[in-house]
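structure of the sequence below:
(chains A and B)
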Amino acid sequence: MQSLWRADWFGPLVVTVVAIIFIAAFNPSFLSPLNIQVLLLAISVNMLIAFSQMIIIAIGQMNLSVGAIGGLAAISFAGMMEVWGLPGPVAAVLALLIGVVAGFFNGFFIAWTGISAFVITLASLSIFKGLNLAVTRAQPFYGVLESVKAFGATTFLGPLPWLLIPAAIAFVLTWYLLNRLPLGRHILAVGGNAHAAELSGISVPRTIMAAHAISGLLAALAGICLVARLQIGQPTIGDDWLILSFAAPVIGGAVLAGGHVSTVATVLGVAIVAIITQALVLFHIDPFLVQVVLGALILWAVGVNRWREVRVARSLKRI
Amino acid sequence: MSRYREIVAALAGAVLMAGVAHAAEDTKVALVPGGPHPYFSAWEQAGKDAMRDFKLGAADYKVPQKWELSQQNELLESLVTQGYNAFLIFPGDPVGSVSTAGELADTGAPVIALAGCLKDPSAAAFCFGTDTGNSAYLGTKELIKALGGKKRIAHFTGFLVDPNTQLRIDAVEKAAKEEGAEVVQVIADIDAPEPAEEKINAYLAAHAGEVDGIITTAWVPAVVSANALRKIGDKRIKMVGIDHDEVVLKGIKDGFVAGTMLQNPYGQAYIGSFAADKLRSGCTVKADAPFKSNALTNKFIDSGTVFVDASSVDNYVASMQGITKDIMATFADTYLACK
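This next block holds a predicted model:
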């Protein structure tokens, strides 16, 4: 129990369970198969968006262009199917490649120039969004293949959406990367103390470039999944990602200065935001008060985890 | 920055005022929406057509990269320096854009608020857009007609910061009340794909049995609702959408959507370009023009709206062109005084 209490994910897990019990008690339809499917669909895509930012938080930076990369990959994916008639898998691989290149572009300029990630990704946000608009002229691509639409709309084993599969794979690989692979350790070491990491023989520039390339890959995957889910290549995909991309890792206890993130807790952070968002709809909250209530509930979720961390720190001091 | 603006305005104004006659071919119209949105894409073709038909120097569609007032303002300043001398603007903010419109007007360029209005007093010659309240009101009436006896309605709408949103909420409430219907839920701030998808699907998953009809008064919620009804295969719930996205039109053909309230973005840009050129060439806005009023301005011109259902969806382009033709036929005589 003591080790559970100390785990990063324990606080968010408690909040998630309490929220589910509370909402289901007042509105039993919350646990209907269709609602679970809707919830899992939101969690699947939002998880990828959160991981994309989490990797960058791990190296102590921030990526303001997560949404712009995801949006560019999304319209590229849909556009390649509509305009060039490419098969879905080929278009997806090329769109993922675009995400990796865009992420690498960020990482390269940050490592090469030494300019802060905030400034570089602010500039690249504009570039990637500009490319998006230049390609689409703000018009959606409608020619999404039926197989892609089916992937985004159908389920397996009852209410489980197929989109959960890429999200689950990304979860396992991200967890494995950060906990088992040298690159993951390098990312956390650079985030914890870049100078110390360099003195230990870690190539900081290479680590930064790798982290941004992975971030771009995950953002592109989120964009592709959203095209499947929305059944349309909307040029505005990604415009709303920034706050969520930070909120979920932070609810999950990520340290914004870098060096410490939790993949499991981030997933729970995503779940908390999705559950709260749904609850506001289910309980008919006045549309003009939705943002206030959402903010207050997120603050509550972060507060619960912070309270747990303080208690753990105090008990460790006593030891 | 303000000094820079003053210099730019003074220089551009001097250049403009130096011209004795403002021939149509000297008119360079900039059509500037608040940000990227499929609603405005018809402005591009309308600008090209206006340039050809009215022999303008240019009528170019210029989109700010994001829905941010600062980005729109910077784009407008840059367009002044590029020689554009007539501006059709969807205001990024009905109050915040007033000063920008004033600066543009100081350069001698006519300014028309297009698709959305500026708060009076402003330098805009007039506001030319959809009477959003009326469109939402008529759409709700059409929905209730399609519903017959069952009358519980959900209303999905756009950005809360858009002043039109409150007008739409009020209009839907008013129409529902008149017909003895009940608006059981309003979901707003969902004119972007991700939140729209999440909230509309969550609502339908939990409350589909509690509503008989859906009225949508913004582009993205209309698209997402049409897709959601198709996905759950529910033709019991009647829906009236807005605008002419392919998804909504296909939903009408396939029976998942009862109809849609077409707006007239093409006509706004086409007639707006014509009017801007006339204002440059010496015409003035008639003092006794029959303007309508709305919450923002007393100089409002309705660009028209029309309901399209399964019987008329195949001819929706003709319906839109019909509105434009009707307004264009009397526009100059009704609103402009030309020597």
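
report the contact partners of the closest residue to A:Ala68 other than its chain neighbours.
Nearest residue to A:Ala68 in three dimensions, chain neighbours excluded: A:Phe128, at 3.7 Å (Cβ to Cβ, 6 or more residues apart in numbering or on different chains). For every residue, glycine as well, the C-beta is placed using N, CA and C. Residues in contact with A:Phe128 (Cβ atoms under 8 Å, 6 or more residues apart in numbering or on different chains) are A:65, A:68-69, A:71-72, A:102.

determine which two of those are furthest apart.
For the contacts of A:Phe128, the maximum inter-member distance is 10.5 Å, found between A:Gly71 and A:Ala102 (Cβ to Cβ).

per-residue confidence for the closest residue to chain B within the stretch 101-250 of chain A?
Relative to chain B, the nearest point of the stretch 101-250 of chain A is A:Ala138 (3.9 Å; Cβ to the nearest Cβ). Reading off the confidence values, A:Ala138 has pLDDT 78.

got it, and the one 5 residues further on?
Model confidence at A:Gly143, given as pLDDT, is 89.

got the contact list for the nearest residue to it once chain neighbours are set aside?
Nearest non-adjacent residue to A:Gly143, counting by Cβ to Cβ, 6+ apart: A:Glu82, 2.8 Å away. Counting by Cβ under 8 Å, 6+ apart, A:Glu82 touches A:141-144, A:233.

spell out which residues of the stretch 51-200 of chain A are next to chain B.
Counting by Cβ under 8 Å from any Cβ of the partner chain, the residues of the stretch 51-200 of chain A close to chain B are A:126, A:129-130, A:133, A:137-140, A:142, A:153.

hmm, back to that, helix, strand, or coil at the residue nearest to A:Gly143?
What DSSP: H, G, I helix; E, B strand; the rest coil gives for A:Glu82 is helix.

per-residue confidence at it?
94.

please check the contacts of A:Glu82 and keep the buried ones.
Taking 16 or more other Cβ atoms under 10 Å in any protein chain shown as the criterion, what is buried in the contacts of A:Glu82 is A:141, A:144, A:233.

and which of the residues you listed is nearest A:Pro12?
Distance to A:Pro12 across the buried ones among the contacts of A:Glu82 (Cβ to Cβ) is lowest for A:Gly233, with 33.2 Å.

and the strands in the chain?
In the absence of a named chain, chain A is used. Remark: strands assigned in chain A by DSSP state E are A:155-156, A:160-161.

wait, chain B was what I had in mind.
Per DSSP E, chain B has strands spanning B:28-32, B:58-61, B:86-89, B:111-114, B:127-129, B:152-156, B:182-187, B:213-216, B:238-242, B:259-262, B:284-285, B:300-302, B:306-309, B:336-337. These are given in chain order.

chain A is nearest to which of the ones you listed?
Closest among these, once you apply Cβ to the nearest Cβ, is strand B:182-187, at 5.3 Å.

and chain A, is the closest one touching that?
Yes: for strand B:182-187, a contact with chain A is found by Cβ under 8 Å from any Cβ, at B:184-187.

contact residues of chain B facing chain A?
Contact residues (Cβ under 8 Å from any Cβ) of chain B with chain A: B:36-38, B:40-41, B:44, B:63, B:65-67, B:160, B:184-189, B:192-195, B:197-199, B:201-203, B:205-207, B:220, B:223-224, B:227, B:231-232, B:245-247.

which residue packs closest to residue 276, ignoring adjacent ones?
In the absence of a named chain, this looks at chain A. Excluding its sequence neighbours, the residue lying closest to A:Ile276 (Cβ to Cβ, 6+ apart) is A:Leu297, at 4.7 Å.

looking at chain B here, not the other one
In space, B:Ala276 comes closest to B:Ala86 once its chain neighbours are excluded; the distance is 3.8 Å by Cβ to Cβ, 6+ apart.

residues contacting the one you found?
B:Ala86 makes contacts with B:27-30, B:109-111, B:273, B:276-277, B:279-280, as judged by Cβ under 8 Å, 6+ apart.

report the buried members of these.
With burial judged by 16+ other Cβ under 10 Å, the buried subset of those is B:27-30, B:109-111, B:273, B:276-277, B:279-280.

domain assignment for chain B?
B:2-130+B:265-304, B:132-262 (automatic domain parsing).

what's the most buried one of the ones you listed?
Of all the domains of chain B, domain B:132-262 carries the top mean neighbour count, a mean of 22, counting by mean count of other Cβ atoms under 10 Å in any protein chain shown.

roughly how far does B:Gly108 sit from chain A?
Distance from B:Gly108 to chain A, counting by Cβ to the nearest Cβ, to the nearest Å: 30 Å.

does that residue touch B:Tyr84 like I think?
No: at 11.7 Å, B:Gly108 does not count as touching B:Tyr84 under the criterion of Cβ atoms under 8 Å.

quick one, helices of the stretch 151-300 of chain B?
According to DSSP state H, counting those that start in this stretch, the stretch 151-300 of chain B carries its helices in the segments B:163-178, B:193-207, B:219-232, B:246-254, B:265-280.

quick one: contacts of the fourth one?
Think helix B:246-254. Here helix B:246-254 makes contact (Cβ under 8 Å, 6+ apart) with A:142, A:231-232, B:222-223, B:226-227, B:229-230, B:239, B:241-242, B:257-260, B:308-310, B:313-314, B:316.

could you rerun that using 10 Å?
Residues outside helix B:246-254 that contact it (Cβ atoms under 10 Å, 6 or more residues apart in numbering or on different chains): A:140, A:142, A:230-232, B:38, B:216, B:219, B:222-227, B:229-230, B:235, B:239-243, B:245, B:256-260, B:262, B:308-314, B:316.

I figured B:Ser312 hits B:Gly259, correct?
Yes: B:Ser312 is within contact range of B:Gly259, at 8.5 Å (criterion: Cβ atoms under 10 Å).

hey, where'd the helices end up in the stretch 1-150 of chain B?
Here the stretch 1-150 of chain B has its helices, by DSSP H, counting those that start in this stretch, at B:2-18, B:42-54, B:69-81, B:98-106, B:132-147.

take those helices and write them to a markdown table, including mean pLDDT.
Output for the helices of the stretch 1-150 of chain B, formatted as a markdown table (pLDDT from 0 to 100):
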| stretch | mean pLDDT |
| --- | --- |
| helix B:2-18 | 47 |
| helix B:42-54 | 93 |
| helix B:69-81 | 92 |
| helix B:98-106 | 93 |
| helix B:132-147 | 94 |
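
low-confidence regions, the chain specifically.
No chain specified, so I'll use chain A. Where chain A drops to pLDDT under 70, the residues are A:1-2, A:316, A:319.

look at chain B instead
Counting by pLDDT under 70, chain B contains low-confidence residues at B:1-23.

quick check, central residue of it?
Centroid-nearest residue in chain B: B:Ala115, 3.1 Å away (criterion: Cα atoms, centre = their mean).

contacts only, for that one.
Counting by Cβ under 10 Å, 6+ apart, the residues that B:Ala115 touches are B:33-34, B:37, B:39-40, B:43, B:88-91, B:127-130, B:132, B:164, B:263-265, B:268-269, B:272, B:303.

do you know how far B:Tyr84 is from B:Val248?
In this view, B:Tyr84 and B:Val248 are 34 Å apart by Cβ to Cβ, to the nearest Å.

and B:Val186, bridged to which residues?
Beta bridges link B:Val186 to B:His155 when assigned by DSSP bridges.

wait, it sits on B:Lys199?
No: counting by Cβ under 10 Å, B:Val186 does not reach B:Lys199; the two are 11.3 Å apart.

higher neighbour count, A:Gly71 and A:Ala102?
A:Gly71 (31 against 27; other Cβ atoms under 10 Å in any protein chain shown).
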